[in-house]
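Asks: sequence plus predicted model, see below.
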Amino acid sequence: MNSVFEALAHPTRRAILEMLKSGSKTAGELADAFDVSKPTMSGHFAKLREAGLIQADQRGATILYSLNLSVLEEVLLGFMGKMGTGKEQGQ
């Protein structure tokens, strides 16, 4: 779970996830939306992949990225479980 929160800590990575909400995008489409170098974008993609937040599908010379919603859901549920529902505190 820590790797997910670490990946979400950077605003560019959160913006990438926001862009992927509307559907899969190529690495080039995502990179064009940001004023950063290709190596920097590659690092962001790697961090998101390592956390399991995105999936990469290689199609020839193109990489197509998509959200991995099951990981996001799992982390959210795990986080909520650790925080408790509030009911045990009389709420």
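Replies: Received the coordinates, thanks. Numbers count the residues shown, from 1 in each chain.

Asks: and the closest residue to Ile54 other than its chain neighbours, what does it touch?
Replies: Taking CB to CB, 6 or more residues apart in numbering, and ignoring the residues beside it in sequence, Ile54 has Leu48 as its nearest neighbour in space, at 4.5 Å. Every C-beta, even on glycine, is put in place using the N, C-alpha and C of the backbone. By CB atoms under 8 Å, 6 or more residues apart in numbering, Leu48 lies in contact with Ala7, Arg13, Ile16, Leu17, Ile54.

Asks: got JSON lines for these, with pLDDT too?
Replies: Below are the contacts of Leu48 laid out as JSON lines (pLDDT from 0 to 100):
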{"residue": "Ala7", "pLDDT": "93"}
{"residue": "Arg13", "pLDDT": "96"}
{"residue": "Ile16", "pLDDT": "97"}
{"residue": "Leu17", "pLDDT": "94"}
{"residue": "Ile54", "pLDDT": "96"}
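
Asks: so which of the residues you listed sit within helices?
Replies: Among those, the members falling in helices are Ala7, Arg13, Ile16, Leu17 (criterion: DSSP state H).

Asks: most neighbours out of those residues, which is it?
Replies: Per-residue neighbour counts (other CB atoms under 10 Å) across these peak at Ile16, which has 25 neighbours.

Asks: helix or strand for the nearest residue to that residue once chain neighbours are set aside, which one?
Replies: Among residues not flanking Ile16 along the chain, Leu30 sits closest, at 5.8 Å (CB to CB, 6+ apart). Following DSSP states H and E, the helix or strand that holds Leu30 is helix 27-32.

Asks: understood, closing this out.
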